[in-house]
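Enquirer: attaching a predicted model along with its sequence, questions to come.
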Amino acid sequence: MKNIQWDFNSKILNNSKNYYRSQELIDEEGMSSFQWEQDDDGNAIAFNQSDMMLKNKFSINAPFTAFKYVAINPNINISSDFVNRFQEASINEENEVEFNTVVRFKNRTTSNLALSISTKVYGILPFKVGNFQALRHVMTPRIGFSYSPDYLKNDNYFQEFNDEYYDYFSGTLIGSTPRTSSKKINLYLGNVFQAKRSINNEEEKIDLFSLRMNTGYDINKKEFKLSTLNSSLRSSLKNGTKIDMNFTHDFYEFNKEESVRINELRSVPRLTGIRLSTNFTLKGKKNDIQNDNELSEQTKNFLNDFSSNVWQSRIGVSYTLNKINPENKVENFWLNSNTSINVTNNWKLNYNARFNLIDNNIVRHNLTLYREIDCWELFVDWTPNGYARGLYFRLNLKSDMLQDLKVEQKTGIYTTRPSF
């Protein structure tokens, strides 16, 4: 074991607040009223409360390799925290539990352990099609185990009255103490598919797509010990297009009549969720206009101005399906677009829209127009419909010193917003 890594960090926090206490007064007629607690001179008494926390965390891991190909990484985390006040429970004369704040430093030390084991498996398949030479598959299986102890029986952290447990640290800056033990096994399988091709006698490696799957097993659970199986497939093409697919499967049966899961394993996991998304960008290229002696100067100026027309549109498509309850499926299918157009050198147009492809309607859309006019600039933002419907118009000087010299008009939702 040649590589041992450790880390220690400490954090201190002190919260101080001033406050007043009210007291109830009952007059001779039995009427009640409230006033601040006062001193002998009749002035309200100001109280101060200071909450302090000191958190210390120490972690150590020692990764090493066994049998040349198996990576093993044990990990230990220890937290030792201090507070300057805590709550203490007691039984009063009516046999009821009451809480008192104790102003004294108190320490709590907790820990957890983790162990992961992984390796890599490589496979190459000859694939001589066009300039492609071979396909490569890299598989990374990993198994992990995590454990944290049960602190409920620790008298320094909990009090017990009538089979009920009361945490000394509840409501403090370091938070409540874990009440149950945790023992979990995590399973992961990663796959990367690549291609190798030859261009001009030079080899190039291309990442085709990745496929990842993970699930877990909770030893302490009485039922439904297996967690859902989550799978994701991702790919990024060279033109910038991204494809993302996510699937969720359940290992347990589902009672359709009572709409509840049953603690019985299925022979084949049931598909309960799908999320598909892709996004890409479309761009227009700039075309330079060649001078033509037969055109007038005004026509040449117009064509040169319009030749700067460059547009770009970012398109995103998203589809989700939730069928945890197969009798009540929830489905969404969206298309989002953001299009920017330089109509001329000075005119700029932007259009945003979100479409519901299931109901075939526009959820919302927005149009923005910008124009430079010598030392002035024009800005128009228009939302035609929906809850954010409105129009914003502004004509102002570009100079920072004279930016308050402007013509501005707002309607709809824009009347509740600050200026752009």
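Expert: Looks like it came in fine. Just so we're clear, the structure is a prediction, and the values are computed from it rather than from any experiment.
Enquirer: can you tell me how far the nearest residue to Glu98 once chain neighbours are set aside sits from Tyr166?
Expert: With CB to CB, 6 or more residues apart in numbering as the criterion, Glu98 has its nearest non-adjacent residue at 5.2 Å, and that residue is Asn92. In this view, the C-beta of every residue, glycine as well, is placed from N, C-alpha and C. Here Asn92 is placed at a distance of 14 Å from Tyr166 (CB to CB, to the nearest Å).
Enquirer: and what of Gln194?
Expert: For Gln194, the distance to Tyr166 - CB to CB - is 57 Å.
Enquirer: in the stretch 51-200 of the chain, what spans have low per-residue confidence?
Expert: The stretch 51-200 of the chain contains no residues with pLDDT under 70.
Enquirer: and the strands in it?
Expert: 64-66, 70-91, 97-118, 121-129, 132-148, 158-161, 164-167, 182-199 (DSSP state E, counting those that start in this stretch).
Enquirer: mind putting those in TSV, distance to Tyr387 included?
Expert: Below are the strands of the stretch 51-200 of the chain laid out as TSV (distance: least, CB to CB, whole Å):
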stretch	distance to Tyr387
strand 64-66	58
strand 70-91	46
strand 97-118	46
strand 121-129	53
strand 132-148	45
strand 158-161	50
strand 164-167	45
strand 182-199	43
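Enquirer: looking at these, which is nearest to Ile12?
Expert: Ile12 lies closest to strand 70-91 among these, at 9.2 Å (CB to CB).
Enquirer: now that closest one, how far from the centre of its chain.
Expert: 26 Å (CA atoms, centre = their mean, to the nearest Å).
Enquirer: ok, the closest residue to Asp51 other than its chain neighbours - contacts?
Expert: Ranked by CB to CB, 6+ apart and with sequence neighbours excluded, the top spatial neighbour of Asp51 is Asn15, at 4.5 Å. Taking CB atoms under 8 Å, 6 or more residues apart in numbering, we find Asn15 in contact with Ser50, Asp51, Met52, Leu173.
Enquirer: can you get me a residue count around the nearest residue in space to Thr172 that is not next to it in sequence?
Expert: What sits nearest to Thr172 in space, not counting adjacent residues and going by CB to CB, 6+ apart, is Val83, at 4.6 Å. When neighbours are defined as other CB atoms under 10 Å, Val83 has 20 of them.
Enquirer: next one: Ala353
Expert: By other CB under 10 Å, the burial measure for Ala353, its neighbour count, is 15.
Enquirer: that one: which element?
Expert: Element membership of Ala353 [criterion: DSSP states H and E] is strand 347-356.
Enquirer: partners of that strand, with directions?
Expert: Strand 347-356 has the following strand partners under DSSP bridges: strand 330-342 (antiparallel), strand 361-373 (antiparallel).
Enquirer: show me what the helix or strand that the last one is followed by is packed against.
Expert: Going down the chain from strand 361-373, the next helix or strand is strand 376-383, by DSSP H and E. Under the contact criterion of 3 or more CB pairs under 8 Å, 6 or more residues apart in numbering; DSSP states H and E, the helices and strands touching strand 376-383 comprise strand 361-373, strand 390-397.
Enquirer: which strands and helices sit next to the shortest one?
Expert: Spelled out, that is strand 390-397. Strand 390-397 packs on strand 376-383, strand 406-412, going by 3+ CB pairs under 8 Å, 6+ apart.
Enquirer: in its sheet, which strands sit next to it, and in what direction?
Expert: Partners of strand 390-397, by DSSP bridges, with direction: strand 376-383 (antiparallel), strand 406-412 (antiparallel).
Enquirer: who touches that strand?
Expert: By CB under 8 Å, 6+ apart, strand 390-397 touches 375-383, 403, 405-415, 419-420.
Enquirer: the residue nearest to Ala62 when sequence neighbours are not counted: what's it in contact with?
Expert: Distances taken as CB to CB, 6+ apart put Ile4 closest to Ala62, at 4.6 Å, once the chain neighbours are dropped. Applying CB under 8 Å, 6+ apart, we find Ile4 in contact with Ile60, Asn61, Ala62.
Enquirer: drop anything exposed from the residues you listed.
Expert: Asn61 (16 or more other CB atoms under 10 Å).
Enquirer: which one of the contacts of Ile4 is nearest Arg270?
Expert: Distances from Arg270 to the contacts of Ile4, taken by CB to CB, are shortest for Asn61, at 37.1 Å.
Enquirer: so how far is Ser116 from the closest one?
Expert: For Asn61, the distance to Ser116 - CB to CB - is 10 Å.
Enquirer: shared neighbours of those two, anything?
Expert: Common neighbours of Asn61 and Ser116 (CB under 8 Å, 6+ apart) are Asn73, Asn75.
Enquirer: wait, Gln5 touches Phe58, no?
Expert: No. Counting by CB atoms under 8 Å, Gln5 does not reach Phe58; the two are 12.0 Å apart.
Enquirer: so those two - more neighbours on which side?
Expert: Per other CB under 10 Å, whichever of Gln5 and Phe58 has more neighbours is Phe58, with 15 against 11.
Enquirer: what is that one paired to in the beta sheet?
Expert: Going by DSSP bridges, Phe58 forms beta bridges with Phe8, Ile78.
Enquirer: only alpha carbons, please: show stretch 319-328 as CSV.
Expert: This file holds the C-alpha atoms of stretch 319-328, laid out as CSV (Å, rounded to 0.1, in the frame of the first residue of the first chain):
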residue,chain,number,x,y,z
TYR,A,319,-39.2,13.8,-23.8
THR,A,320,-40.1,12.3,-20.4
LEU,A,321,-42.3,9.5,-19.4
ASN,A,322,-43.2,8.5,-15.8
LYS,A,323,-45.0,5.2,-15.4
ILE,A,324,-44.2,4.3,-11.8
ASN,A,325,-48.0,3.7,-11.7
PRO,A,326,-48.7,2.1,-15.1
GLU,A,327,-52.3,3.1,-14.8
ASN,A,328,-51.4,6.8,-14.5
